[in-house]
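A.B. asks: Compute the structure for the input listed below.
(one chain, ligands or ions: 1)
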Amino acid sequence: MDETRCVKTVFNGFRHHQCRHKRGHGKDGLYCKQHDPERIAKKNAERQRIWTENSKKRAEARRRRDLIDELCKDIPTNELHKYRLVKLQGSSQNTNRRKGKANG
Ligand SMILES: [Zn+2]
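C.D. replies: Predicted coordinates for the structure are as follows:
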């Protein structure tokens, strides 16, 4: 173990070896900038936050589509076209996912 380098063990696709970057970051300065556990934790938390935010948005979008379906279930498709509701709905990104869903 090289005492001047980051303590993180990395896999190079062939074998595990000590990270070759200089240490000086993280707790007791044992890590390189890239492997600083605090930085990694922060990054993961940010990723988690974005994921949660997006899944809320997805759930909301799904709820709206379901609501539109529910509200429009008795209206013939050509009537919906007339009011551009079908076009509005079809323009959302997840059109493919709705294919094959049974009506009613
Ligand atoms: Zn490192």
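
A.B. asks: Just the mean pLDDT for the longest helix along the chain, thanks.
C.D. replies: Longest helix in the chain, counting residues (DSSP state H): helix 37-72. Taken as a whole, helix 37-72 has an average pLDDT of 95.

A.B. asks: Could you name the helices and strands sitting against that helix?
C.D. replies: helix 85-90 (3 or more C-beta pairs under 8 Å, 6 or more residues apart in numbering; DSSP states H and E). The C-beta positions use only the backbone N, C-alpha and C, and glycine is treated the same way.

A.B. asks: Pull out the buried residues from the longest helix of the chain.
C.D. replies: Going by neighbour count (16 or more other C-beta atoms under 10 Å), the buried part of helix 37-72 is 65, 72.

A.B. asks: any idea how far it is from the chain center?
C.D. replies: Here helix 37-72 is found 8 Å from its chain centre; the criterion is C-alpha atoms, centre = their mean, to the nearest Å.

A.B. asks: Which positions within whatever helix or strand comes next after that helix qualify as buried?
C.D. replies: Next along the chain after helix 37-72, taking DSSP states H and E as the criterion, comes helix 77-82. Residues of helix 77-82 classed as buried: residue 80 (neighbour count, 16+ other C-beta under 10 Å).

A.B. asks: And stretch 8-20, by the same measure?
C.D. replies: By neighbour count on 16+ other C-beta under 10 Å, the buried set for stretch 8-20 is 8, 19.

A.B. asks: Between the two ends of it, what distance do you get?
C.D. replies: Stretch 8-20 has an end-to-end distance of 9 Å (C-alpha to C-alpha, to the nearest Å).

A.B. asks: so for that stretch, what's the average pLDDT?
C.D. replies: What stretch 8-20 shows for mean pLDDT is 94.
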